[in-house]
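>>> Requesting a structural model of the entry that follows:
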Amino acid sequence: MKINQVKTISVIAAVLILALSFAGCSLKKRATLKPGHYITQAHHYYPDGTRCHCLVIAGMNPGDDPYLDVKNIRIERINGDTCDIVFEISGMDGLYTVFDYPLSNLDY
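The predicted model follows:
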């Protein structure tokens, strides 16, 4: 191969690798709770990484559902056999999170 062809192929490969790595970082893994697994409390989620100590806790009042009705779960970060998840709670605005949630409780 000529030097120009090698340079062109190298540049194309580098651009593809860079594009794929950015796509991998920006895409979050979707997940669902496995049957029999629930979430009972969560923190408010802020995309800038702020950690809020305010908790949403299920079953606070008599007659309340003992579990949060979560939907649109996505895995944000994997830490070995646990992960940080972000989700919505039915009937509530905003996003919520649980840190160090067991990966074994999720289908992904």
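
>>> how about the nearest residue to the residue sitting nearest the centre point of the chain, chain neighbours excluded?
The geometric centre of the chain, computed from its C-alpha atoms, lies nearest to I75 (CA atoms, centre = their mean), at 2.3 Å. Nearest residue to I75 in three dimensions, chain neighbours excluded: K29, at 4.2 Å (CB to CB, 6 or more residues apart in numbering). No exception for glycine: its C-beta is placed from N, CA and C like everyone else's.

>>> how much space is there between the one you found and L103?
K29 sits 10 Å away from L103 when distances are taken as CB to CB, to the nearest Å.

>>> and the residue nearest to the centre of the chain, what helix or strand is that in?
According to DSSP states H and E, I75 maps onto strand 70-79.

>>> what's that strand in contact with?
Applying CB atoms under 8 Å, 6 or more residues apart in numbering, the set of residues contacting strand 70-79 from outside is 28-33, 39, 42, 83-90, 96-97, 100, 103, 106, 108.

>>> who touches the nearest residue to D81 once chain neighbours are set aside in this structure?
For D81, the nearest residue in space outside its immediate sequence neighbours is L103; the separation is 5.6 Å by CB to CB, 6+ apart. Contact partners of L103, counting by CB under 8 Å, 6+ apart, are 78, 81-83.

>>> What count of nearby residues applies to the nearest residue to R74 once chain neighbours are set aside?
Excluding the flanking residues, the one nearest R74 by CB to CB, 6+ apart is K28, at 4.2 Å. Neighbour count for K28, taken as other CB atoms under 10 Å: 13.
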